[in-house]
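**Q** Pasted the sequence and its predicted model underneath.
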Amino acid sequence: MTDTAGPDKVASAEQIGLSAQEAQATPPRDSASWARKVDRLEVDQRDGVRGTNVAGRRLMGPVQGFGKMWQKTYRMKAGSQIQPDHAIAVWKEHFPEFWPKGNRFAGALTGINPGDVALLDLAIGGGVKLSTGVFVLYADHESFTLMTPQGHMFAGWITFSSEKEGDETIIQAQVLMRANDPLYEAGMVMGGHAKEDKFWAATLIALGERLGVPDPTVQTTSTCVDSKRQWRHARNIWHNSAVRSVFQPPRRGASAQSQANQ
Amino acid sequence: MGAPAITMDVRRLGDSVAVVDIKGEVTSACEPVLMSAYEAAGPASKLVLNFAGLEYMNSGGIGMLVTLLVRANRQRQQLAAYGLSDHYREIFELTRLDEAITIFDSEESALEGVAR
């Protein structure tokens, strides 16, 4: 038996006087934080991004990806004055503004809420913009998680969170991912991982600067959770958004909306 | 970070099956508890997770289940689950975790299912 719960030990429904029926009828407190189930993504066209490779696509978790599974953590110490819920509120409200230049994020006008779909144009080098998207899987006052669709560079999710460690507030982004197909896997090996690390470190530093963190620095940790490649998912390459983006027309709506980061 | 509000009791059913009764909150903070439970399950080739006592789960908790799945796959162990409410079953489907962890309605059906 393993039991680490001390003062926080969990009381069962029976112990706190709820009948099994009442316990079943009471929605769990995380129910508003999760997106409702979707089979395929639906999204409207938005100004400033091409908006291709998202509508009709299925979501992809790490289980469905092809490449090695990585957990990457980008952590920033934010001092004792900034409260975690404030950090997350700012991040959610201004998410696209912290992205490195050259990348666009066109989210819902209401910010980041469970079930929202955002459209992305990502600079992947050689003048190519990869058109893809993300789905808001989970969002509460201390964290939010984005999940990727078919064709994205990786299958998995990225969680943005903040918490206190002693007096210090820690802000972090954590990716759990596999490259979606063999082409992306090759790209990740040949500089993709470094590019991604740079992307999220730059994002966290921009957030730190907005929050007033003096001299924000980011610590990056990468762990290979599973070194096996899932060859049964090699056919994911059919949806590869980088390949498709090359053959798609440029974005509509040249005037970037305020959320888009040029 | 406080102590995770969770308990995981392991029941060994014969040599090949272990049931993990999960009660409380599944978040990334409970990874040590889950991994201890995994160790306690020993060499069982079939692990059945009982979520009937699940009270809360965030996205960190789902991530932790993925890492458990990787561990189990590495050891060629089969992973199944039961006791999920409609809400949590939907989350398993949304994250497509249900494609790797077979979900059953009851312990009885789970034990029958993993025995096949």
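**A** That came in fine, so what should we check first?

**Q** Can you tell me the element the closest residue in space to residue B:46 that isn't next to it in sequence falls in?
**A** Leaving aside its sequence neighbours, residue B:46 sits nearest to residue B:114 (CB to CB, 6 or more residues apart in numbering or on different chains; 4.1 Å). The way it works is simple: take the backbone N, C-alpha and C, and place the C-beta from them, glycine included. Residue B:114 belongs to helix B:107-115 when assigned by DSSP states H and E.

**Q** what's the angle between the lengthiest strand in chain B and helix B:107-115?
**A** Longest strand of chain B, by residue count under DSSP state E: strand B:46-57. Per axes from the mean of the first three to the mean of the last three CA atoms, to 10 degrees, the angle that strand B:46-57 makes with helix B:107-115 is 140 degrees.

**Q** Can you name every helix or strand that strand B:46-57 contacts?
**A** If you count contacts as 3 or more CB pairs under 8 Å, 6 or more residues apart in numbering or on different chains; DSSP states H and E, strand B:46-57 packs onto strand B:17-26, strand B:78-82, helix B:86-94, helix B:107-115.

**Q** Return the residues in contact with the nearest residue to residue B:52 once chain neighbours are set aside.
**A** In space, residue B:52 comes closest to residue B:83 once its chain neighbours are excluded; the distance is 3.2 Å by CB to CB, 6+ apart. Contacts for residue B:83 (CB atoms under 8 Å, 6 or more residues apart in numbering or on different chains) come out as B:50, B:51, B:52, B:53, B:54, B:106, B:107.

**Q** for those residues, which one is nearest chain A?
**A** When these are ranked by distance to chain A (CB to the nearest CB), residue B:53 comes first, at 6.6 Å.

**Q** so the closest one touches residue B:21, yeah?
**A** Yes: contact status for residue B:53 versus residue B:21: in contact at 6.6 Å, counting by CB atoms under 8 Å.

**Q** picking up where we left off before, okay, the helices and strands packed on strand B:46-57, which one's buried deepest?
**A** Here the criterion is mean neighbour count by mean count of other CB atoms under 10 Å in any protein chain shown, and of the helices and strands packed on strand B:46-57 the winner is strand B:17-26, at a mean of 22.

**Q** That strand and chain A, any residue contact?
**A** Yes: counting by CB under 8 Å from any CB of the partner chain, chain A is contacted by strand B:17-26 at B:23, B:24, B:25.

**Q** Sheet partners, orientation included, of that strand?
**A** With DSSP bridges as the test, strand B:17-26 is paired with strand B:6-13 (antiparallel), strand B:46-57 (parallel).

**Q** Can you read off the pLDDT for residue A:121?
**A** With respect to pLDDT, residue A:121 scores 89.

**Q** same deal with the one 10 residues further on?
**A** We have a pLDDT of 90 for residue A:131.

**Q** again, but for residue A:259
**A** 43.

**Q** beta partners for the residue nearest the centre of chain B?
**A** Chain B has residue B:49 as the residue nearest its centroid, 3.3 Å off, counting by CA atoms, centre = their mean. Applying DSSP bridges to residue B:49 yields these beta-bridge partners: residue B:20, residue B:81.

**Q** now what about the longest helix along chain B, what contacts it?
**A** Longest among the helix segments of chain B by residue count, using DSSP state H, is helix B:59-74. Helix B:59-74 has contacts (CB under 8 Å, 6+ apart) with A:61-63, A:69, A:71, A:137-138, A:143, A:145, A:157, A:159, A:161, A:174, A:176, A:225-226, B:25-31, B:34-35, B:38, B:47, B:78-79, B:91, B:95, B:97, B:100-101.

**Q** mind listing what's buried in that helix?
**A** Neighbour counts using 16 or more other CB atoms under 10 Å in any protein chain shown place B:59-72 of helix B:59-74 among the buried residues.
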